[in-house]
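Participant: Any chance you could fold what I've pasted below:
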Amino acid sequence: MKMKKIYSWLLSLFTLLTFNSCESYLDKSPDMGLAEDDIYKDYNSITGFLDYAYQNYLINYFNVMDDMNDNKFYLGGISDEFSTTLNTSPTIGIHTGNWLKKQGNSTDEIGNSGKSQIGRSYRAIRVMNRVIANIDRINLTEDERNKVLGQAYFYRAWYYFQVIIRHGGMPRLDRVFVGDGDENVPRMTYHESHEWMMEDMEEALRLLPEYWDENNVGRPDRIAALGLRAMAQLYDASPLMQNGLTHTAVMPYDQERAALAAQYSEAAIHYLDYEQPSAAPHQRRLMTAGEYKNIFYFKRGNGNPFATAEAVWYCRKAIDGDRATCIRRLWLPVFLETLAGPDAAACYLPTQNM
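Facilitator: Here you go, the predicted model:
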């Protein structure tokens with residue numbers, strides 16, 4: 001029962017929902033369209049720059065393709081989290097072992113260009129490195145500085161995690177690379193990459209607030225960092241992550257690393273149950289058995305947050321098309337839809353609801 005509780009909590013930890021608008025300048029490129037003085041002017045400007053990665057590079061269950069050829073693709077469909085009723089889904093090819101499937105100019109999931117998860121993650125890491133490197137250029141209070149840096153370390157860890165769970169160990173991406181030869185850095189093993197990422201997680205835990213006010217609910221806070229630390233440590237114990245750089249062998253779970261993952265999970269659950277501040281506007285908890293069938297539901301209308309009690313952090317981005325697509329693909333039954341073809345019914349179904 002204990003492990004089931006831990007698994008359920010981790011599985012729903014990174015539910016990413018979409019709502020709320022942001023300043024129009026967040027739609028511009030992080031390296032183009034904004035002068036340096038505009039970026040590092042004050043707390044609002046650096047938060048807006050940091051939010052570019054928060055809003056635009058956040059990786060959802062819905063895969064964003066290099067173009068629209070294979071856009072009906074939920075990442076959960078390539079695991080036991082989702083089933084699919086769409087017979088043209090890229091997940092079918094992936095289940096045959098073709099992880100580098102291409103259609104036209106698209107690359108499914110394991111790619112490093114355009115809008116694929118890895119390409120987005122590299123750009124987000126660059127944004128975080130710029131924020132960390134230039135934090136002293138901004139006139140900030142101690143509280144503001146902690147909030148900015150806490151988010152930057154959290155996001156750098158999150159996006160680096162997205163890269164290494166797909167590619168294995170990677171170089172240490174701890175600075176802004178300018179293309180003058182400084183990018184020739186050695187590759188690390190998965191464990192070495194994980195240990196560096198966990199250094200960022202410890203900084204995030206030290207700096208992030210216990211909770212955000214109503215206008216900022218959804219940003220990562222202490223419980224988000226505790227959860228990501230537990231999730232990342234569980235991956236570090238996986239047999240897939242035990243090999244070095246020179247050979248590949250069938251390996252067992254690393255028992256010591258798995259035990260540490262259990263400790264981190266227990267710390268996160270203990271925080272939820274006993275240490276979560278009562279003043280936090282969004283109280284997180286594990287949903288009951290009676291509520292579990294609705295765990296993926298959206299709330300309708302305006303409000304804050306559009307999230308269940310298990311949603312720990314999520315994207316505050318209002319694009320009606322994204323929200324409509326997400327609802328249509330995941331839940332909407334055919335008799336409620338007005339479109340035709342694969343758009344007329346849910347084609348990826350969370351198995352927890354079955």
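Participant: backbone phi and psi for residue 247, please?
Facilitator: phi -160, psi 170 (degrees, to the nearest 10).
Participant: Read off the pLDDT value for it.
Facilitator: Looking at residue 247, its pLDDT is 85.
Participant: Could you do residue 260 as well?
Facilitator: On the pLDDT scale, residue 260 is placed at 98.
Participant: Endpoints of stretch 226-244, how far apart?
Facilitator: 27 Å (Cα to Cα, to the nearest Å).
Participant: for that stretch, which positions count as buried?
Facilitator: 226-238, 241-243 (16 or more other Cβ atoms under 10 Å). Every C-beta, even on glycine, is put in place using the N, C-alpha and C of the backbone.
Participant: So which of those is the closest to residue 167?
Facilitator: Of all the buried residues of stretch 226-244, residue 167 sits closest to residue 241, with 11.7 Å by Cβ to Cβ.
Participant: Pull the contacting residues for the closest one.
Facilitator: Applying Cβ atoms under 8 Å, 6 or more residues apart in numbering, we find residue 241 in contact with 168, 190-191, 194, 235.
Participant: For residue 174, see how far away it is.
Facilitator: Noted for residue 241: a distance of 21 Å to residue 174, by Cβ to Cβ, to the nearest Å.
Participant: wait, what's in contact with the residue nearest to residue 50 when sequence neighbours are not counted?
Facilitator: Excluding the flanking residues, the one nearest residue 50 by Cβ to Cβ, 6 or more residues apart in numbering is residue 131, at 5.3 Å. Counting by Cβ under 8 Å, 6+ apart, residue 131 makes contact with 46, 49-50, 148-149, 152.
Participant: just the buried members of these?
Facilitator: By neighbour count, with 16+ other Cβ under 10 Å, the contacts of residue 131 hold 46, 49-50, 148-149, 152 as buried.
Participant: Show me the two of those that sit farthest apart.
Facilitator: Farthest pair in the buried ones among the contacts of residue 131 (Cβ to Cβ) is 49 and 149. Separation: 13.3 Å.
Participant: just the strands in this protein please.
Facilitator: Along the chain, counting by DSSP state E, strands occupy 82-84, 102-103, 106-107, 348-350.
Participant: about what we covered before: so how far is residue 257 from the residue nearest to residue 50?
Facilitator: Counting by Cβ to Cβ, the gap from residue 131 to residue 257 is 30 Å.
Participant: sorry, back to before: return the member of the buried ones among the contacts of residue 131 nearest to residue 211.
Facilitator: Residue 211 has its nearest neighbour among the buried ones among the contacts of residue 131 in residue 148, at 16.6 Å by Cβ to Cβ.
Participant: which residues in the stretch 51-200 of the chain form helices?
Facilitator: Along the stretch 51-200 of the chain, the stretches classed as helices by DSSP state H, counting those that start in this stretch are 90-95, 117-133, 142-167, 190-207.
Participant: about what we covered before: closest to residue 125 among the contacts of residue 131?
Facilitator: Ranked by distance to residue 125 (Cβ to Cβ), those are led by residue 152 at 10.2 Å.
Participant: Show the pLDDT at residue 29.
Facilitator: As summarised for this prediction, residue 29 has a pLDDT of 45.
Participant: just the one 5 residues further on next, same as before
Facilitator: With respect to pLDDT, residue 34 scores 66.
Participant: for residue 339, same thing?
Facilitator: Note on residue 339: pLDDT of 57.
Participant: Residue 254 contacts residue 240, doesn't it?
Facilitator: No - Residue 254 is beyond contact range of residue 240, at 11.0 Å (criterion: Cβ atoms under 8 Å).
Participant: quick one: residue 157 from residue 288, how far?
Facilitator: Taking Cβ to Cβ, one finds residue 157 at 31 Å from residue 288.
Participant: Pick out whichever of those two has more residues nearby.
Facilitator: Comparing residue 157 with residue 288 by other Cβ atoms under 10 Å, the one with more neighbours is residue 157, at 26 against 8.
Participant: mind listing what that one touches?
Facilitator: By Cβ under 8 Å, 6+ apart, residue 157 lies in contact with 197-198, 200-201, 204, 228, 232.
Participant: Please apply the same query to residue 176.
Facilitator: When contacts are counted by Cβ under 8 Å, 6+ apart, residue 176 is found next to 126, 129-130, 133.
Participant: quick one: which of those residues has the most company?
Facilitator: Neighbour counts for those, by other Cβ under 10 Å, peak at residue 130, which reaches 21 neighbours.
Participant: Could you tell me the model confidence score at the nearest residue to it once chain neighbours are set aside?
Facilitator: If the residues on either side of it in the chain are set aside, residue 130 comes closest to residue 176, at 5.5 Å by Cβ to Cβ, 6+ apart. On pLDDT, residue 176 comes in at 89.
Participant: Next one: residue 176 from residue 278, what distance?
Facilitator: Using Cβ to Cβ, residue 176 is found at 41 Å from residue 278.
Participant: Same question for residue 245.
Facilitator: 48 Å.
Participant: If you count surrounding residues, which of these two has more?
Facilitator: The residue with more neighbours, out of residue 245 and residue 278, is residue 245; 13 against 6, by other Cβ under 10 Å.
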